[in-house]
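# Sequence plus predicted model, see below.
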Amino acid sequence: MSEFAETPAENTAQAAEHFDALLTGMANHESKFALAAIIAAQPERFFRLRDLDREITRSQGSEPGWVPDPKSITQICNLHLIPARLVRRGEFTTERGPMPIFFANNEKPQVVAQGFAMSGALLEWSLDFPATSTQSLGKTRANSAHSTPELRYGIFHSLTGEQQVGAAQPEIVTALGARFTEKNVIKNIADLSKSGLLDVRGFDITKDTTLEIINPDFWHTRMYFSDLKSSSRVVYTALQRLWYADKREITFQDLAAEAAIIDPDLDPSVLRSYWRHGASTAAESMPGLKPASRALSERKRTWVTISPAHREAITELVRRLEVIRLDADSWPAYRRTANRILSSPSKMADILAKSKRFSTFANMQVETTQDKDGRILALLETHGTMTAAEIHHELTANTDSKISLASVYQYLYRLGEDQTIAVEQRRPDPASLRKVLYYSLPPQPPENPNEAE
């Protein structure tokens, strides 16, 4: 396979600007970065659609994990890899006019080099963490006000680091800045929580708030300490004891422990009412107590962490992508990684099988492909020799199938390449020079060799 020259990018800052486009265009689906790597690994080649179909099949060896539908390959190139500036599209021009559309590497080598490196990083990551897919980055939606992969990557980035303790939801919104609305950030956090990638819990005032004792003595213009009910006297006695023990900021557990010494029979749940009054910002809600400064910023917030089952995978995904974003010197090594994986049919089959396993669309497509193959073979067995137009008519007649004639040609081309069907070119009208391809089942060899004579 061809390899890019081992020359780091001249302008790392410019390469970093392309990062979001690459993230959106190829990082959120195994089939996307697998296809991107196949194209990038052969920088001088012009791929027709049938070439890409054949390359994806060939790369997986005799037991492919998934061969995308030809329409899917076209969509990946047109809707994702071309906007990411990895791939360009054109037509072959001959004396007879334009020939089929082709796909090839973008003519900007720095962009392709970064994309090829990202492909290598993601291919390796996907093999290292089979239980987690980059499809967790979300779908790339056309005509959207924001990019879901960029947004979710930002969420993951804000939750990873040396401590890995998580972050409050408002902190994540602030960290992502003005690029994404608060509504979209919160929605994606909720969606990631439903999928099991994030753990989200509400703020528990009795566990997470810290209060400050500003006056341990009960005071009120119209009441005396002796007028209080017993539970209130226990609370204020506990506050006095904590105050004189040099505790100014206390937790609910501090208050509960001290109250239990004063009155072991007091129900701890009664204390929660007092604690909530103390945590309130209303004036004189509970004289002598107020929310500590730290507690004020924590009120009403939701705490978000990466779930333990996926923490290593997501942390490593962010780490590798950040290396691609910031360090052009890392690109050659990751390009070599991509070439090494592309040269391993079993690994490529695992990558595409994973794409199928995690993607409803992929599952639907592989089932449709197998079904269409079976229906085409059944039609040829019933009708004998047929043209592509005739096969297309039979496939779509009285059904909900939306397969195009172009897709039928791709199916037939692949079946012909595999020698599953026979292909013959001839003139349907002897008076015309126009030739048409006819398809049929190949003749079966005779069981007795003597019969062939």
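Thanks, I have the structure now.
# pretty sure Ser273 is in a helix, no?
Yes. Counting by DSSP: H, G, I helix; E, B strand; the rest coil, one finds Ser273 located in a helix.
# where do the helices sit along the stretch 1-150 of the chain?
Counting by DSSP state H, counting those that start in this stretch, the stretch 1-150 of the chain has helices at residues 12-17, 19-26, 30-40, 49-59, 70-76, 109-128, 148-159.
# Which one, of these, ends up nearest to Ile341?
helix 109-128 (4.7 Å; CB to CB). C-betas here are computed from N, CA, C, even on glycine.
# Pick the most buried one from the helices of the stretch 1-150 of the chain.
Across the helices of the stretch 1-150 of the chain, averaging neighbours per residue (mean count of other CB atoms under 10 Å) puts helix 30-40 on top, at a mean of 27.
# can I assume Thr237 sits in a helix?
Yes. Under three-state DSSP, Thr237 falls within a helix.
# And the helices in the stretch 301-450 of the chain?
In the stretch 301-450 of the chain, the helices defined using DSSP H, counting those that start in this stretch lie at 311-326, 331-342, 345-358, 360-383, 388-396, 405-417.
# So what angle separates the directions of the last one and helix 388-396?
Between helix 405-417 and helix 388-396, the angle comes out at 110 degrees (axes from the mean of the first three to the mean of the last three CA atoms, to 10 degrees).
# Can you list the buried residues in helix 405-417?
Ser407, Val408, Tyr409, Gln410, Tyr411, Leu412, Tyr413, Arg414, Leu415 (16 or more other CB atoms under 10 Å).
# Between all of these, which two are at the greatest distance?
Ser407 and Leu415 (12.7 Å).
# Glu381 is nearest to which of the helices of the stretch 1-150 of the chain?
Each of the helices of the stretch 1-150 of the chain has some distance to Glu381 by CB to CB; the shortest is helix 70-76, at 23.2 Å.
# CA atoms of that closest one as CSV?
The C-alpha trace of helix 70-76 is given here as CSV (Å, rounded to 0.1, in the frame of the first residue of the first chain):
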residue,chain,number,x,y,z
PRO,A,70,-23.5,0.5,-2.8
LYS,A,71,-25.9,3.3,-2.0
SER,A,72,-24.5,3.6,1.5
ILE,A,73,-20.9,3.9,0.0
THR,A,74,-22.1,6.7,-2.2
GLN,A,75,-23.8,8.5,0.7
ILE,A,76,-20.7,8.2,2.9
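# Can you spell out which helices and strands pack onto that helix?
helix 30-40, helix 49-59, helix 405-417 (3 or more CB pairs under 8 Å, 6 or more residues apart in numbering; DSSP states H and E).
# 10 Å instead?
Secondary-structure packing of helix 70-76 (3 or more CB pairs under 10 Å, 6 or more residues apart in numbering; DSSP states H and E): helix 30-40, helix 49-59, strand 97-105, helix 360-383, helix 405-417.
# thinking again about what came up before, quick one: which of the helices of the stretch 1-150 of the chain is nearest Leu137?
Within these, the stretch nearest Leu137 is helix 148-159; the backing value is 4.1 Å (CB to CB).
# next helix or strand past the closest one?
Following helix 148-159 in sequence order, the next helix or strand is strand 167-168 (DSSP states H and E).
# mind listing the strands for the stretch 151-300 of the chain?
With strands called from DSSP state E, counting those that start in this stretch, the stretch 151-300 of the chain shows them at 167-168, 198-202, 211-213, 249-250, 289-291.
# want to try a markdown table for the ones you listed, with mean pLDDT and mean neighbour count as columns?
Output for those, formatted as a markdown table (pLDDT from 0 to 100; neighbours: other CB atoms under 10 Å):
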| stretch | mean pLDDT | mean neighbour count |
| --- | --- | --- |
| strand 167-168 | 80 | 18 |
| strand 198-202 | 84 | 16 |
| strand 211-213 | 79 | 20 |
| strand 249-250 | 82 | 19 |
| strand 289-291 | 70 | 21 |
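# out of these, nearest to Asn339?
Of all the strands of the stretch 151-300 of the chain, strand 198-202 comes closest under CB to CB, at 34.5 Å.
# Note down every partner strand of the closest one and its orientation.
strand 302-306 (antiparallel) (DSSP bridges).
# circling back: how about the strands of the stretch 151-300 of the chain in JSON lines, adding distance to Leu22?
JSON lines is the format used below for those (distance: least, CB to CB, whole Å):
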{"stretch": "strand 167-168", "distance to Leu22": "25"}
{"stretch": "strand 198-202", "distance to Leu22": "24"}
{"stretch": "strand 211-213", "distance to Leu22": "49"}
{"stretch": "strand 249-250", "distance to Leu22": "47"}
{"stretch": "strand 289-291", "distance to Leu22": "45"}
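# Select, out of these, the one closest to Arg357.
Once these are compared by CB to CB, strand 198-202 is nearest, at 21.1 Å.
# What are the contacting residues of the closest one?
Identification of contacts with strand 198-202 by CB atoms under 10 Å, 6 or more residues apart in numbering yields 136, 152, 155-156, 159, 166, 169, 186, 188-194, 208, 300-311, 314.
# Can you give me the distance of the residue lying closest to Arg88 once chain neighbours are set aside to Ala84?
Leaving aside its sequence neighbours, Arg88 sits nearest to Asn106 (CB to CB, 6 or more residues apart in numbering; 5.3 Å). Distance of Asn106 to Ala84, given as CB to CB, to the nearest Å: 9 Å.
# Overlap of the contact sets of the two?
By CB under 10 Å, 6+ apart, Asn106 and Ala84 have these common neighbours: Gly115.
# more neighbours, those two?
Applying other CB atoms under 10 Å to Asn106 and Ala84 shows that Ala84 carries more neighbours, namely 24 against 19.
# gap between that one and Thr337?
Taking CB to CB, one finds Ala84 at 20 Å from Thr337.
# do the same with Asp227
Remark: distance between Asp227 and Thr337 (CB to CB) = 76 Å.
# And for Asn188?
30 Å.
# Can you report how many residues lie near Gly65?
Gly65 has 22 nearby residues by other CB under 10 Å.
# Can you give me the pLDDT of the closest residue to it other than its chain neighbours?
Counting by CB to CB, 6+ apart, Gly65 lies nearest to Ala353, which is 2.7 Å off, once chain neighbours are set aside. We have a pLDDT of 90 for Ala353.
# so the residue nearest to Arg88 makes contact with Gly90?
No. Taking contacts as CB atoms under 10 Å, Asn106 lies outside contact range of Gly90: 11.5 Å.
# overlap in contacts of those two?
Between them, Asn106 and Gly90 share no contacting residue, judged by CB under 10 Å, 6+ apart.
# Tell me which of the helices of the stretch 1-150 of the chain sits nearest to Leu395.
The closest of these to Leu395 is helix 70-76. By CB to CB, the value is 14.0 Å.
# Mind giving me the PyMOL command for buried ones among the contacts of strand 198-202?
Filtering those down to the buried ones (16+ other CB under 10 Å) takes a single PyMOL command:
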select buried, resi 136+152+155+156+159+166+169+186+188+189+192+193+208+302+303+304+306+310+311+314
